[in-house]
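# just the structure for this:
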Amino acid sequence: MTVLSINPSQSKLTVAQAATEFLEREFSASTRKSYAADLKRFINAMGEQGVDAVESDDIKSYLANLRDRAGHRVKPSTQNRHFATLSSLFAWLRRQGEVESSPMERLERKRQPEALPR
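Predicted coordinates for the structure are as follows:
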């Protein structure tokens, strides 16, 4: 298990720093690739913000504003993948003592429309 070298009382850990440390953990290649892609977008949205300052409303807004390359809203399944990535990140940060509680705890995944029977 990786232990962060940055103590929150000494300096603020940014989202970008946390994501970099998180991705250094042992993951399968496909998990790492998915997490890296999702976290890149999250870093672009709030990379310099301190992880302890990220609130549920910030994440809710981030997820609601996810767009594909054509500028269309992403599907609920894509939002849920990002949700899972961020849940993993903030659960890890909580275990590391970098955040007191996860902002993900107050959020729910998007409901996906039920597929029609074939």
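# secondary structure element for the spatially closest residue to D52 that is not a sequence neighbour?
Distances taken as C-beta to C-beta, 6 or more residues apart in numbering put V99 closest to D52, at 5.5 Å, once the chain neighbours are dropped. Every residue, glycine included, has its C-beta placed from N, CA and C. Following DSSP states H and E, one finds V99 outside all helices and strands.
# low-scoring stretches of the protein, by residue?
1-11, 112-113, 116 (pLDDT under 70).
# for the lengthiest helix in it, name the packing helices and strands.
In the chain, with assignment by DSSP state H, the single longest helix is helix 76-95. Applying 3 or more C-beta pairs under 8 Å, 6 or more residues apart in numbering; DSSP states H and E, one finds that helix 76-95 contacts helix 15-23, helix 29-46, helix 56-64.
# burial measure for the closest residue to P76 other than its chain neighbours, as a count.
Once flanking residues are discounted, P76 sits nearest to K110: 3.9 Å by C-beta to C-beta, 6+ apart. Neighbour count of K110, defined by other C-beta atoms under 10 Å: 16.
# ok, back up a step: for the residue nearest to D52, what are its contacts?
The contact partners of V99, by C-beta atoms under 8 Å, 6 or more residues apart in numbering, come to V51, D52, V54, F90, L93.
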